[in-house]
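> output the structure for:
(2 chains)
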Amino acid sequence: MSAAERELTVRVDGTRCVGTGACARTAPGDLELGPDGRARVLRPVSDDLPNLTEAAELCPVEAITVHSAATGELLAPRY
Amino acid sequence: MTVEHGEAESAEPLIPLHCLRHAEPGPPRLTALPNGTPVWLATRHADVRQVLTDPRLDRASLYTPDAPPTSTGPNLLDDPEGLLNIDGPEHQRLRRTVQRAFTPRAIERWRPWVESVVEELIDGLEASGSPVDVIAGLTGSLPIAVISRLMDLDGVDHERLSYWSDHALSTSAYPAERVRQAMREFYAFSEQLIAQRRKNPGDDLVSSLLQAADVTEGVTEGQLVVLVCGLVVAGHETTMTSFGNALVQLLTESPAAWARIGADQENATAAAEQLLRAVPLGDTAEIPGLLRRAVADLEIGGVAISAGSVVAADVRTANHDPEVYPPSETLDHFAPLGTPSLTFGAGPHHCLGAWLARMELELGLHQLARRLPGLRLAEPVEGIAWRTGLLTRSPASLRVAW
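The predicted model follows:
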């Protein structure tokens, strides 16, 4: 797999986010809580699939999705 | 004065929770708890959200020696070793030991089984014949059956679990000494359960949280004991309350909604979400909202609040904030919610069991409305006996007919 194929994009649904901060503690390189108490994405692309998958799965309101940057395919959460 | 809940006699009948009037949301204002402790009350949706998510407000400092008294008496929620009263990284570590069991995916796996429990309980209601008490037969039985299965407590007497849960969340219903005694028994039960699951682990929630705690630094035995009790109580009391109060609303005011809930599971899912928002869990006489304490000076909704202040988040008023939820004469059960309600809180202490509670409520409402489309109250709404003196209020019994 090429580096480009491993690139991930993370999205936060700001309407759903209730600011638990679980994602920011799980994937601190990619997510933080903003001053409005909602999660926000720190960088346009990431390669940290394990932590981002866990962050997306632990979010109690399913506000976080992780996609393949190249294809847009949903990688997490996958239920 | 102490009253036995469910037997409380008052001159005026208590009005159903969905009929309570809500304060106009406004900027935070200074008021007082019943014991006189000053408290800043946040009522607007945005302000309540901030109180619950801002790291400059926490729970642990409500229990430090310098904290003003806020407790309503002995109860589980005020135990400083409880998950609710720990903050920051320590809280996250403890919460992670159980969080995985409550993700939407983990909960979804239980759906067929929960559905079968609901069906069995409704079979029982039908077999008893009309009229019947739907609290004993369904809304009170379902949550305890579900949490017992998740925690593998099937050999434990459900009535004992109910008794402990009830006392653990009481305010004025029982004498303080009786509450302390019930909580001692409850904690001893939890300690024994933990010892037993350490020796013989299974694939239940208690075993999995103990295994997770074993590989987590800094989780204490006391925290685990309170956590196990908390799981029993939280899985029981609040869901029963929501379900019972939702039925009072639907059966007294919304026969058309009842039909739609029975027609389609998706309608029931939407209605559960609206009912969770619109019908509060209890009165606000004892505690005006979810309490936090400021650990630094901060501003909420344009009002300066100094470090050390106690702040209450009035979720009930915020859930009716006209800025967020357009007001209407009658509840539209099927309107999409848009902004999530604050019923399950927000921030790090957002309800762990939110998805489980939703699932029980939406399955319970749908199946009951499908099987008994002509369901109605068999007693006047003014005659409902309420469980009072607890942190929540719901019918002690509710006779229904079809």
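
> now do the strands in the chain.
Since you didn't name a chain, this refers to chain A. Assigned by DSSP state E, the strands in chain A fall at A:8-12, A:31-33, A:39-41, A:64-68, A:74-76.

> um, chain B though
Using DSSP E, strands in chain B cover B:29-32, B:38-42, B:57-58, B:132-133, B:290-294, B:298-300, B:303-305, B:310-313, B:376-377, B:386-387, B:394-395, B:399-401.

> would you turn those strands into JSON lines with distance to residue B:337 and mean neighbour count?
From N, CA and C alone the C-beta is placed, and that goes for glycine too. JSON lines is the format used below for the strands of chain B (distance: least, C-beta to C-beta, whole Å; neighbours: other C-beta atoms under 10 Å in any protein chain shown):
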{"stretch": "strand B:29-32", "distance to residue B:337": "27", "mean neighbour count": "12"}
{"stretch": "strand B:38-42", "distance to residue B:337": "21", "mean neighbour count": "23"}
{"stretch": "strand B:57-58", "distance to residue B:337": "25", "mean neighbour count": "23"}
{"stretch": "strand B:132-133", "distance to residue B:337": "31", "mean neighbour count": "20"}
{"stretch": "strand B:290-294", "distance to residue B:337": "20", "mean neighbour count": "22"}
{"stretch": "strand B:298-300", "distance to residue B:337": "24", "mean neighbour count": "18"}
{"stretch": "strand B:303-305", "distance to residue B:337": "28", "mean neighbour count": "15"}
{"stretch": "strand B:310-313", "distance to residue B:337": "19", "mean neighbour count": "25"}
{"stretch": "strand B:376-377", "distance to residue B:337": "27", "mean neighbour count": "16"}
{"stretch": "strand B:386-387", "distance to residue B:337": "27", "mean neighbour count": "25"}
{"stretch": "strand B:394-395", "distance to residue B:337": "22", "mean neighbour count": "28"}
{"stretch": "strand B:399-401", "distance to residue B:337": "27", "mean neighbour count": "18"}
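
> I'd like those as JSON lines, with distance to residue B:265 and mean pLDDT appended.
Conversion of these to JSON lines gives the following (distance: least, C-beta to C-beta, whole Å; pLDDT from 0 to 100):
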{"stretch": "strand B:29-32", "distance to residue B:265": "42", "mean pLDDT": "96"}
{"stretch": "strand B:38-42", "distance to residue B:265": "36", "mean pLDDT": "97"}
{"stretch": "strand B:57-58", "distance to residue B:265": "38", "mean pLDDT": "97"}
{"stretch": "strand B:132-133", "distance to residue B:265": "24", "mean pLDDT": "98"}
{"stretch": "strand B:290-294", "distance to residue B:265": "31", "mean pLDDT": "97"}
{"stretch": "strand B:298-300", "distance to residue B:265": "40", "mean pLDDT": "97"}
{"stretch": "strand B:303-305", "distance to residue B:265": "44", "mean pLDDT": "98"}
{"stretch": "strand B:310-313", "distance to residue B:265": "32", "mean pLDDT": "98"}
{"stretch": "strand B:376-377", "distance to residue B:265": "22", "mean pLDDT": "97"}
{"stretch": "strand B:386-387", "distance to residue B:265": "29", "mean pLDDT": "94"}
{"stretch": "strand B:394-395", "distance to residue B:265": "24", "mean pLDDT": "96"}
{"stretch": "strand B:399-401", "distance to residue B:265": "21", "mean pLDDT": "98"}
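
> okay but residue B:304 is in contact with residue B:294, surely?
No: with contact defined as C-beta atoms under 8 Å, residue B:304 does not reach residue B:294; the gap is 10.4 Å.

> which neighbours do the two share?
Residues touching both residue B:304 and residue B:294 (C-beta atoms under 8 Å, 6 or more residues apart in numbering or on different chains): none.

> which single residue in chain B comes nearest to chain A?
residue B:53 (3.4 Å; C-beta to the nearest C-beta).

> gap between the lengthiest helix in chain A and the chain center?
Among the elements of chain A assigned as helix by DSSP state H, the one spanning the most residues is helix A:49-58. Centroid displacement of helix A:49-58 relative to its chain, using C-alpha atoms, centre = their mean, to the nearest Å, is 7 Å.

> name the nearest residue to the spatially most central residue of chain A, ignoring sequence neighbours.
Chain A has residue A:10 as the residue nearest its centroid, 4.0 Å off, counting by C-alpha atoms, centre = their mean. Among residues not flanking residue A:10 along the chain, residue A:41 sits closest, at 5.0 Å (C-beta to C-beta, 6 or more residues apart in numbering or on different chains).

> who does the one you found bridge with?
The partner list for residue A:41 in beta bridges (DSSP bridges) reads residue A:31.

> ok, it - contacts?
Per C-beta under 8 Å, 6+ apart, neighbours of residue A:41: A:10-12, A:30-31.

> rewinding a little: mind listing what's buried along the longest helix of chain A?
A:51-58 (16 or more other C-beta atoms under 10 Å in any protein chain shown).

> ok, it near chain B or not?
Yes: under the criterion of C-beta under 8 Å from any C-beta of the partner chain, chain B is reached by helix A:49-58 at A:57-58.

> that helix packs against which elements?
With contacts taken as 3 or more C-beta pairs under 8 Å, 6 or more residues apart in numbering or on different chains; DSSP states H and E, helix A:49-58 sits against strand A:8-12, helix A:22-26, strand A:64-68, strand A:74-76.

> relative to chain B, how far out is the residue nearest to residue A:49 when sequence neighbours are not counted?
Excluding its sequence neighbours, the residue lying closest to residue A:49 (C-beta to C-beta, 6+ apart) is residue A:8, at 6.2 Å. In this view, residue A:8 and chain B are 20 Å apart by C-beta to the nearest C-beta, to the nearest Å.

> what about residue A:8, how many neighbours?
Close neighbours of residue A:8, defined as other C-beta atoms under 10 Å in any protein chain shown, add up to 19.

> wait, it sits on residue A:75?
Yes: if you go by C-beta under 8 Å, residue A:8 and residue A:75 touch, sitting 6.8 Å apart.
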